[in-house]
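**Student:** Okay, here's the prediction I keep looking at, along with the sequence it came from:
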Amino acid sequence: MGTPTINQELFKKRLKKLYKFWNDDEGALGSVNAFVVLVGKDANAKPYSKSNAFQTWLYTCELEDTLAVASKDRFVILGSGKKADFFQAVAGGATEGLPAIEILHRNKTNKDKENFEKLIEIIESSGKQLGAFVKDRFRNEFCDSWEAAVTEASIKKVDISASFIELLAEKDNEEIKLMKNAASVSVNSWGNLKKKLVDFIDNEAKKKMSELSEKVDESISDVSVQGPLAKNRNIDCCYSTIMQSGGSYSFKWSTQTSDNRLHFGAITTSLGAKYENYCSNLARTLLVQPSAELEEAYESVLAAEMKLIESLKPGARVKDAYEAAVKTLKPELRDKLYKKELGFLTGIEFREGSFTISADCEGVVRAGMVFIVSIGVAPLGKEDARKDIRQAAVLLSDTILVSDEGPNEILTEKAKNRLKSNVVRLNTNEEEEDTKRRSDNKENKEMGRGKRSVVLTDQTRNKTTNEEKRKEHQRELAEALNDAAQKRLAENTGSAETKKSKKSNVSYKSLEKFPTDSDIRNLSVYVDKKHDTVILPIFGVPVPFHISMIKNCSQSVEGEYTYLRVNFTHPGSMVGKESTNFPNPLAEYVKELTYRASNMKEPGEISANSNNLGTAFRLIKEMQKKFRTEEAEEREKEGAVKQDKLMLSLSKANPKMKDLYVRPNIIAKKISGSLEAHTNGFRYTSLRGDKIDVLYNNIKHAFYQPCDNEMLILIHFHLKHPVLWGKKKYQDIQFYTEVGEVTTDLGKYHHMQDRDDIQSEQMEREMRRKLNEAFKSFTSKVERQTNDQLDFDSPFNELAFMGTPHRSCCNLKPTSSCLINVTEWPPFVVTLEEVEIVHLERVHFALKNFDMVFIFKDYARKTQMIQSVPMTSIDSIKEWLNSCDIRYTEGPQSLNWPKIMKHITDDPEKFFEDGGWNFLGNDSGGEEEDEDESEEEGYSPEGSESEEDSDEDESEGDETGSDDDDEGSLDSDESSGKDWSDLEEEAAKDDKMKERDEFEKGDRKRRDGGHKGGPPSKKRR
């Protein structure tokens, strides 16, 4: 197991905030020059304390038997071996805003006598007063020894709890994220419980409330309920879930759920979840067949809660918010209100007792505070034992974040608190009909009472289907899509990236660098390799041309002469390619030059003049090849970043995986190696000694794909910026192990009962299980070591679908943030956050496949397409995209996306003025629209295809129209159609006609068979 490491950045940031607050504080903390925080190992200690909260806030974890002493210039931590090592990374001298941080290791042989003496000396040097959390008491040998040392030194303790309440009240961004996740855990648990309660009411199940309460506590950390939130996270209950029904209600947080059976009247549920030690709370009331009076009471309590949330704004006094909420409540309900408090400040400690929402609290609300608001009213209504009606209650509670501007954020908003979402109606009409039926048929008395159906208010017979809900959500996304895109473009207008201009290649920057060779003086063709230049004589003047300006050259021999033809690049010569940068495109340019030299050697000459042209031709070709290779390497390096240096960790406990292969094949041969996690990145070392480093700060997505139904088990990294390994840049790298045989010998004899085959299958299953465990353990250790800086995502196999993103068809799998295929190479990774809209092309009932096009928020980026997706997967894909809040559209045609995107990027403002993305379809549910309408509304740059389609449709329409005139309309009555017997007679007649035609054709062939070779031969006489 990897050694945990402290989050250095967060520790220093919060310690600096603590010391700044200490210097500015006018309360108890400001009156002392030293304070102590001690947490001891004590099974009987309170679950919530200021000491534990301090450790969680500063260290991000709780460390028992650890002592911290802070003075104005020093922060000293005393702990045992591993706990002391936990802080080694932050130990060091004083810096700006931070004190010197010292680490002391415990010495249990002398019961830390020397360590305590050193700490007491630090405290005494700061004065005889010591700040402490006086109410926190831990009983064990270590804590008792420390208390004795403080008492012996006659140091007076000052309670600094109030100061730390103020310090920890405002949450920073990291804390807000954890609070939101804690609220999501509570919402998920309530959603799971609500489904079960509806089923119990429907089936009239008799369940004990205490058993249900225990099930809710278990669901808080259950992966099947919480999903990715429960993955390698510290999730727990704030308190045991409180369920109440049947007329007995109490709104105290210490209330225990009774063993009574669940009564189907008013069911109140209060549950709280902790996520990484940060708390949240949620309470809801489920009303079964409520009376009008009870519904009015619920609406009044809900209005009071909303008023309370609205009143908790920065600068407001808490007691004023309390009074506003009470006034909103109906007068007849105020006497039944639980008036002690309507909520409290929360965070690492579930309930801050000195900052409650009550009539006496003088506290002032500040932005960043998180409150639990809770309003309960009981008893309501009257009991009627004959009708099994008992007194009811209404309890609502939510966790809210105080916003600096705008309305406060309700973190538990997804657990809907409106009346119609929490009312269960019994459909009594069916019950009355069933009773009447039983009275008419006395024989069926033993069959019992007919089953009652339970429906929530939003689940009536005319309930909206999933498809309608999906369309409604897509309409909402469509409305917000264009506005969001316009805002984004407006923000990026000033920071638009200008296209890189190609650098101009200059042969000689000064006359001094011009060569003075004899060939130049003799006006021969000269190739200067040093400056990538060819010097050509023109009208007796040697003129230099850079090799980039030469398009191509050719050599030919005709009779006694050799010809060298040189073609140059000029404006218009590189059609369809990235042209050279011409400063003056309207100037006159040399298009080509041809030189002729004699092959005959004159008397006195060493060689023929044509040798110069032959040598020049060869050197020009070599120089062109070299220059183009260098240009290709430069283009390859564009966009690639140089990674920081890997900081190696010498710890033997580093997470490590052996026998892994790497893709792409950066190393020359396929050699296995090991992957090891270090301080700031991974290092892959092959058996040959090759090294590949991947740093954490350059990893955009990390994926772990287990070997379930796969031949590979792998870890894949999708990088933020491409990295140059060797001479190529890569944005994806993966480390994998092959599982089982990738290829199978079909010639080998197999038998299903063969013992060897059965044993090999069992061994393969066991190997797969062990590999999954090993890879999972590796990823978990890396996540812990990096303090969740790196989070491995796994694909959801149940949402997978087939498609062709590149050349081959493969299995595409969604993850929580991407759509990926990392089994085939090259990999396919699309980040969902970067996607603007998804368009489904070729969606037609007559086709078996369709295409998916991903349009990104960066319009300069090329669209990505997945081809040949089976039509059977379209519903699941729509549901998945809808759940990810991604707008999708569909159409029957393939669109010219390069042309569309160029049209958008040329004038984005005009594009959005004309309706933006609405041209793809005003309604995402294109199934209900006629095909003709979709063709007219869709944007199709390829007009020829649409015209052909319309021509075919018209011709088909003419043919079908003539048939309809003869045989009558399809919508006619049954009397105008033909009976089955008439149809059978017609079919029999058609069969006989076909048989007769075939017989006649065969007979003609037999008669004509002898005449195929010409006229018949004459008989001999």
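**Tutor:** Done, it's in. Numbering: from 1, shown residues only.
**Student:** What are the contacting residues of stretch 830-844?
**Tutor:** Outside of stretch 830-844, the residues within contact range by CB atoms under 8 Å, 6 or more residues apart in numbering are 481, 485, 700-701, 817-820, 849-858, 864, 871, 874, 877, 881, 884, 886-895, 917, 920, 926, 931. The C-beta positions use only the backbone N, C-alpha and C, and glycine is treated the same way.
**Student:** let's go with 6 Å and repeat that
**Tutor:** 817-819, 850-857, 881, 884, 886-890, 892, 894, 917, 920 (CB atoms under 6 Å, 6 or more residues apart in numbering).
**Student:** Quick check: next helix or strand after the host helix or strand of residue 876?
**Tutor:** For residue 876, the host element (DSSP states H and E) is helix 874-883. Sequence order places strand 887-890 as the next helix or strand after helix 874-883, per DSSP H and E.
**Student:** now that following strand, how far from the chain's geometric center?
**Tutor:** 19 Å (CA atoms, centre = their mean, to the nearest Å).
**Student:** In space, what's closest to residue 145 - neighbours in sequence excluded?
**Tutor:** Leaving aside its chain neighbours, residue 145 sits nearest to residue 111 (5.4 Å; criterion: CB to CB, 6 or more residues apart in numbering).
**Student:** swap in residue 381?
**Tutor:** Closest to residue 381 by CB to CB, 6+ apart is residue 392, at 5.0 Å.
**Student:** Measure how buried that neighbour is and give me the count.
**Tutor:** 30 (other CB atoms under 10 Å).
**Student:** tell me the phi and psi of the nearest residue in space to residue 318 that is not next to it in sequence?
**Tutor:** Of all residues not flanking residue 318 in the chain, residue 361 sits nearest, at 4.3 Å (CB to CB, 6+ apart). With angles defined as degrees, to the nearest 10, residue 361 sits at phi -80, psi 120.
**Student:** now do the one 5 residues further on
**Tutor:** Residue 366 adopts backbone torsions of phi -130, psi 150, taken as degrees, to the nearest 10.
**Student:** residue closest to the middle of this structure?
**Tutor:** residue 817 (1.8 Å; CA atoms, centre = their mean).
**Student:** Next up, the contacts around that residue.
**Tutor:** Residue 817 neighbours (CB under 6 Å, 6+ apart): residue 832.
**Student:** Model confidence for it, exactly?
**Tutor:** pLDDT, residue 817: 91.
**Student:** And residue 501, by the same measure?
**Tutor:** Looking at residue 501, the pLDDT reads 50.
**Student:** One more: residue 382?
**Tutor:** pLDDT, residue 382: 79.
**Student:** on that earlier part again, just the buried residues of the helix holding residue 876, please?
**Tutor:** Within helix 874-883, the residues that count as buried by 16 or more other CB atoms under 10 Å are 874, 877-878, 880-882.
**Student:** That helix: how far from the chain's middle?
**Tutor:** 16 Å.
**Student:** could you pull out the strands for the stretch 551-700 of the chain?
**Tutor:** 561-568, 592-598, 656-663, 673-677, 681-686, 691-695, 699-705 (DSSP state E, counting those that start in this stretch).
**Student:** Going by neighbour count, which residues in the first one are buried?
**Tutor:** For strand 561-568, burial by neighbour count (16+ other CB under 10 Å) applies to 562, 564, 566-568.
**Student:** list the helices and strands it packs on?
**Tutor:** Helices and strands touching strand 561-568, by 3 or more CB pairs under 6 Å, 6 or more residues apart in numbering; DSSP states H and E, are strand 550-558, strand 592-598, helix 610-637.
**Student:** The longest one packs against which elements?
**Tutor:** For helix 610-637, the helices and strands in contact under the criterion 3+ CB pairs under 6 Å, 6+ apart are strand 561-568.
**Student:** which residues are contacting the strand it packs on?
**Tutor:** 549, 551-556, 590, 592-599, 610, 613, 617.
**Student:** go with 10 Å
**Tutor:** 525, 534, 536, 545, 549-557, 573, 589-600, 608-614, 616-617, 620 (CB atoms under 10 Å, 6 or more residues apart in numbering).
**Student:** got JSON lines for the helices and strands packed on strand 561-568, with mean pLDDT, distance to residue 663 and mean neighbour count too?
**Tutor:** Formatted as JSON lines, the helices and strands packed on strand 561-568 follow (pLDDT from 0 to 100; distance: least, CB to CB, whole Å; neighbours: other CB atoms under 10 Å):
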{"stretch": "strand 550-558", "mean pLDDT": "91", "distance to residue 663": "38", "mean neighbour count": "14"}
{"stretch": "strand 592-598", "mean pLDDT": "92", "distance to residue 663": "47", "mean neighbour count": "15"}
{"stretch": "helix 610-637", "mean pLDDT": "85", "distance to residue 663": "19", "mean neighbour count": "15"}
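**Student:** Spit out the contact partners of residue 45.
**Tutor:** By CB under 10 Å, 6+ apart, the neighbours of residue 45 are 39, 51-52, 64, 136-140, 143.
**Student:** Residue 305 too?
**Tutor:** 325, 328-329, 342-343, 373-375, 396-398, 400, 410, 417.
**Student:** For the closest residue to residue 27 other than its chain neighbours, grab phi and psi.
**Tutor:** Among residues not flanking residue 27 along the chain, residue 163 sits closest, at 4.7 Å (CB to CB, 6+ apart). Backbone geometry at residue 163, expressed as degrees, to the nearest 10, gives phi -70, psi -40.
**Student:** doesn't residue 354 make contact with residue 163?
**Tutor:** No: contact criterion CB atoms under 10 Å: residue 163 and residue 354 do not qualify, at 11.5 Å.
**Student:** Compare neighbour counts for those two and give me the winner.
**Tutor:** Higher neighbour count among residue 163 and residue 354: residue 163, with 22 against 11, using other CB under 10 Å.
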